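Enquirer: Fold the following for me, if possible:
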Amino acid sequence: MTLRLLSYNIRFGGTGREDAIAAVIRACAPDVVVLQEATDPTVVKRVSDLTELTHWGSRIGHSTGFLSRLPVAHHAWHSPRGARHPFLEVVLDGIGTRIFGLHLSAWFSKWSERRRAREIRLLLHGIREHQDGFHVIAGDFNALAPGERLEVRQFPRWIRAMVWVSGRDIARETIQVMLDERYADAWRRRNPVGDGYTFPTWGAHVRLDYIFTPERYASRIAECAVVREVAEAKAASDHFPLFAVIAAAGDG
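Expert: Presented below is the predicted three-dimensional model:
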């Protein structure tokens, strides 16, 4: 079967924007949604009701959460020492798919990039036992991929100052760790050219949101796109969601 997966940062818990968030999600018709900044379970429950994605998970103060049309065999949050946000593990029932959701530390400087790189290494170490099997890692990495253009002029002045003192660029260590660990960047794999900007919705100029699968399963990525065309997207959040269609069963 194919898995329709959405990764979506709903900004500051999503309170008061449930209808707009649900409209964006419904437009994508996902099987599973990996959420970031989903800190209020009442909001996640409301969006679950509005989208008829009846399986859901959220914890007060935890950034990561999920919605699912498919039954969930197991879900849990893991909090390795040194990570700002717990990462989420969701195991879908009956199709052999394990999804990890994350939200790495924000801020743009070489120092915050070092922290993000430590966080992603903690995640990868924590899921080492699953890395031979098919799985997906999705979320807001708050990081730029190697070689991608940085539009510094569009950042607020204080972020431009941080970039300046960091060497006039933002380090790209976090995504490089994923690539070095033989993970395929789903959006870049399906879109060899283009920007893929996901943030902010009022003037997108940076790609912060990613979906990865192990490189040996990259052929399962049938589609990956930034969802920009839904009318409610700009009101719903400061991030555009990232959508992928992935073959969740079968060989390679």
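Enquirer: With adjacent residues omitted, what lies nearest to Glu223?
Expert: Counting by Cβ to Cβ, 6 or more residues apart in numbering, Glu223 lies nearest to Val245, which is 4.0 Å off, once chain neighbours are set aside. In this view, the C-beta of every residue, glycine as well, is placed from N, C-alpha and C.
Enquirer: Pretty sure Ala222 is one of the things the one you found touches, is it not?
Expert: Yes. Taking contacts as Cβ atoms under 8 Å, Val245 lies within contact range of Ala222: 4.5 Å.
Enquirer: Quick check: neighbours shared by these two?
Expert: Common neighbours of Val245 and Ala222, using Cβ atoms under 8 Å, 6 or more residues apart in numbering, are Thr2.
Enquirer: Which helix in this protein has the most residues?
Expert: helix 110-126 (DSSP state H).
Enquirer: Just list what the following helix or strand past it packs against, helices and strands only.
Expert: Downstream of helix 110-126, the next assigned helix or strand under DSSP states H and E is strand 135-140. Judged by 3 or more Cβ pairs under 8 Å, 6 or more residues apart in numbering; DSSP states H and E, strand 135-140 is in contact with strand 2-9, strand 32-36, strand 98-103, strand 209-214, strand 242-247.
Enquirer: coming back round to it: quick one: the residue nearest to Glu223 and Val193, what's the gap?
Expert: Plainly put, Val245 is 20 Å away from Val193 if you go by Cβ to Cβ, to the nearest Å.
Enquirer: Could you check which of those two has the larger neighbour count?
Expert: Counting neighbours by other Cβ atoms under 10 Å for Val245 and for Val193 shows that Val245 has the greater number, 19 against 6.
Enquirer: What score does Arg114 have for pLDDT?
Expert: Per-residue pLDDT puts Arg114 at 87.
Enquirer: Pull the number of nearby residues for it.
Expert: Arg114 has 14 nearby residues by other Cβ under 10 Å.
Enquirer: That one and Glu148, how far apart?
Expert: 19 Å.
Enquirer: try Ala184
Expert: Distance from Ala184 to Glu148, by Cβ to Cβ: 16 Å.
Enquirer: next one: Arg26
Expert: Counting by Cβ to Cβ - Arg26 and Glu148 are separated by 31 Å.
Enquirer: do the same with Leu208
Expert: 11 Å.
Enquirer: Could you do Gly14 as well?
Expert: With distances taken as Cβ to Cβ, Gly14 is found 28 Å from Glu148.
Enquirer: more neighbours, the two?
Expert: With neighbours defined as other Cβ under 10 Å, Gly14 and Glu148 compare such that Gly14 has more, 26 against 15.
Enquirer: how far does stretch 53-65 stretch from start to finish?
Expert: For stretch 53-65, the first-to-last residue distance is 13 Å (Cα to Cα, to the nearest Å).
Enquirer: Number the chain from 359, please
Expert: Yes, from this point I'll number from 359; that puts the last item at stretch 411-423.
Enquirer: now it: how far from the chain's centre is it?
Expert: How far stretch 411-423 lies from its chain's middle: 14 Å, per Cα atoms, centre = their mean, to the nearest Å.
Enquirer: In that stretch, which residues are buried?
Expert: 411, 413-417, 420-423 (16 or more other Cβ atoms under 10 Å).
Enquirer: what's the answer for stretch 534-552, then?
Expert: In stretch 534-552, counting by 16+ other Cβ under 10 Å, buried: 534-537, 541-548.
Enquirer: cool, stretch 470-481 as well?
Expert: By 16+ other Cβ under 10 Å, the buried positions in stretch 470-481 come out as 470-471, 473-481.
Enquirer: For Leu364, state which of these is nearest.
Expert: Leu481 (20.0 Å; Cβ to Cβ).
Enquirer: Now do the same for the closest residue to that closest one other than its chain neighbours: its pLDDT.
Expert: Distances taken as Cβ to Cβ, 6+ apart place Phe445 nearest to Leu481, at 5.4 Å, with adjacent residues excluded. Phe445 carries a pLDDT score of 95 in this model.
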